[in-house]
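J.: Here is a sequence with its predicted model. Questions after.
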Amino acid sequence: MNLRDRFEQAFMPNYGVPPIALARGEGTRVWDVDGNEYLDFIGGIATTSLGHAHPALVEAVSKQVATIAHTSNLFLHEPEVLLAEKLLDLLNAPGRVFFANSGTEANEAAYKLALKYGRRDGRTYFVAAENGFHGRTIGALSLTGKRSIRDQFGPFPVEVQFVPYGDAAALKEAVTGDCIAVFLEPTQGEAGVVPPPDGYFAAAREICDSTGALLVADEIQSAIGRSGHWFAHQADGVIPDILTLAKGLGGGLPIGACIGFGDAGRLFDKGDHGSTFGGNPVSCAAALAVLDNLDLDHVKTIGARLRTGLEAVGHPLLKGVRGRGLWLAAVLAEPVSGKVQQAAADAGFLVNALQPDAVRIAPPLVVTAEQVDAFVAAFPGILDEAAK
Ligand SMILES: Cc1ncc(COP(=O)(O)O)c(C=O)c1O
């Protein structure tokens, strides 16, 4: 029996059966179990920041696992302290860090932190954006603005009001003195790499300041260089009260972070929250290797090259290109992203059918000019194939 059949028999059906079984990778290149080679333009869903098997990541993780792999939160260790200090340094604002293992857990911590804040003065509800995605655990899911994945698991413990993303007037109307916190992505990732209009995040900051609601920036997909900045909100000149990270931070190893700025960083008391694995030494060593080896200038230059190249493609199926840095969506004139994903794989490129009319392109942040040019050159043929 092949791997896909074995997967189908052994796994819950929540993912369906993924079409390709990957065996190994090197940089932006990956090979499937049959030996076919691909250029990886999805990077483990915007996660494999340094590419596959980056020597610095391999060395850091190997050294750490051979030294001490796990301590639990009963003991502190140097990699977690170094990583927290480094993140705060990059953020250039006073804050406190909590490490989790994933994006949804980072948001769960943010949710609890915000609840603690809100309950002090009787605040009653959250605000989040329609089509936003914050994760699959119950707190994060309740904030996720996609009804098809949320509604069947409700009712949720706290009311969440949803507003159209990017509409500052709607946000202003929804956020009153009873609002606990506003959860927003600086650019919506899962919705189709959708940036808001200029000034939206700054407006959200003002609205939160005037009502006392906390501003939570979910940067689980957008941070750690993906947008061409360490953190996407830095481009908006705004400091949130709470920031959540995951994905690219560990470069492929599981880690999430919830960072509270100013007073928000001191809301948890001893015993309020915890995780056995959160911030484990191996994941922290991986994250330190990521932060030490990322080249933001490369992301900006190569991201611009990719975007300009795709924009110049001039194909009837390609309506436009959205996004920033190495985090783009090719927007299609027809809802055929599944066919584009398939045609791309047949041509040797991995991309992701994110929405029916949007294909996510998020290669490792070390993708080379030659690899970007190869993808751009192949894209018209991929679109031709998908249009058939
Ligand atoms: C913005 C955002 N928040 C939260 C999550 C959930 O992260 P995880 O899958 O690590 O739980 C994701 C995952 O795609 C995301 O894009």
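T.: Everything's here; your move.

J.: Which residues of the stretch 151-300 of the chain lie near the ligand?
T.: Within the stretch 151-300 of the chain, the residues that sit near the ligand (Cβ under 6 Å from any ligand atom) are 185, 189-190, 218, 220-221, 246. Glycine gets a C-beta too; all of them are placed from N, C-alpha and C.

J.: The one residue in the stretch 101-250 of the chain that gets nearest to the ligand and Thr301, how far apart?
T.: Here the stretch 101-250 of the chain gets closest to the ligand at one residue, Gly103, 2.2 Å apart by Cβ to the nearest ligand atom. For Gly103, the distance to Thr301 (Cβ to Cβ, to the nearest Å) stands at 28 Å.

J.: more neighbours, these two?
T.: Remark: of Gly103 and Thr301, Gly103 carries more neighbours, 29 against 13, as counted by other Cβ atoms under 10 Å.

J.: mind listing what the more buried one touches?
T.: When contacts are counted by Cβ atoms under 8 Å, 6 or more residues apart in numbering, Gly103 touches 134-135, 140, 218, 220-221, 244, 246-247, 256.

J.: Same check on Trp327?
T.: Residues near Trp327 by Cβ under 8 Å, 6+ apart: 46, 187, 189, 193, 221-222, 226-227, 303, 362.

J.: Quick check: closest non-adjacent residue to it.
T.: Arg226 (4.7 Å; Cβ to Cβ, 6 or more residues apart in numbering).

J.: and the closest residue to Leu50 other than its chain neighbours, what are its phi and psi?
T.: Once flanking residues are discounted, Leu50 sits nearest to Gly251: 4.7 Å by Cβ to Cβ, 6+ apart. Dihedral pair for Gly251: phi 60, psi 20, per degrees, to the nearest 10.

J.: list the contacts for Gly251?
T.: Gly251 is in contact with 47-50, 54, 57, 286-287, 289-290, counting by Cβ under 8 Å, 6+ apart.

J.: Return the closest of those residues with respect to the ligand.
T.: Thr47 (8.4 Å).

J.: so what's the residue lying closest to the closest one once chain neighbours are set aside up against?
T.: Closest residue in space to Thr47, ignoring its immediate chain neighbours: Lys247 at 4.4 Å, by Cβ to Cβ, 6+ apart. Neighbouring residues of Lys247 by Cβ under 8 Å, 6+ apart: 45-47, 103, 220-221, 223-224, 226.

J.: just Pro195 next, same as before
T.: Residues near Pro195 by Cβ under 8 Å, 6+ apart: 187, 322-324.

J.: just Gly309 next, same as before
T.: By Cβ under 8 Å, 6+ apart, Gly309 lies in contact with 372-373, 375-376.

J.: Downstream of the helix or strand hosting it, the next helix or strand is which one?
T.: Here Gly309 sits within helix 296-311, counting by DSSP states H and E. Elements were assigned by DSSP H and E; along the chain past helix 296-311, the next helix or strand is strand 318-324.

J.: Please say whether there is contact between the helix or strand following that following strand and the ligand.
T.: Downstream of strand 318-324, the first helix or strand assigned by DSSP H and E is strand 327-332. No - shown here: strand 327-332 not in contact with the ligand (Cβ under 6 Å from any ligand atom), separated by at least 10.7 Å.

J.: following strand 327-332, which helix or strand comes up?
T.: Next along from strand 327-332, by DSSP H and E: helix 337-346.

J.: Can you name every helix or strand that the following helix or strand past that next one contacts?
T.: Sequence order places strand 349-350 as the next helix or strand after helix 337-346, per DSSP H and E. If you count contacts as 3 or more Cβ pairs under 8 Å, 6 or more residues apart in numbering; DSSP states H and E, strand 349-350 packs onto strand 37-40, helix 369-387.

J.: Name the residues that touch the longest one?
T.: If you take Cβ under 8 Å, 6+ apart as the criterion, helix 369-387 is touched by 28, 39, 41, 302, 305-306, 309-310, 312-313, 315-318, 330, 334, 336, 339-340, 342-344, 346-349, 361, 363.

J.: Do a quick rundown of the strands in the stretch 151-300 of the chain.
T.: Secondary structure of the stretch 151-300 of the chain (DSSP state E, counting those that start in this stretch): strands located at 159-163, 179-184, 214-218, 242-245, 256-261.

J.: Which one, of these, ends up nearest to Asp236?
T.: Asp236 lies closest, by Cβ to Cβ, to one member of those: strand 214-218, at 9.2 Å.

J.: what mean pLDDT does the closest one have?
T.: The predicted model assigns strand 214-218 a mean pLDDT of 98.

J.: Ok, stretch 176-186 next?
T.: 98.

J.: Measure how far it is from the centre of its chain, please.
T.: The chain centroid and the centroid of stretch 176-186 are separated by 20 Å, computed with Cα atoms, centre = their mean, to the nearest Å.

J.: returning to what we had before: the contacts of Gly103 in helices, which ones?
T.: Of the contacts of Gly103, the ones assigned to helices by DSSP state H are Ala140.

J.: Only whichever of the contacts of Gly103 are buried, select them in ChimeraX.
T.: For anyone working in ChimeraX, the buried entries among those, judged by 16 or more other Cβ atoms under 10 Å, can be selected with:
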select :134,135,140,218,220,221,244,246,247,256
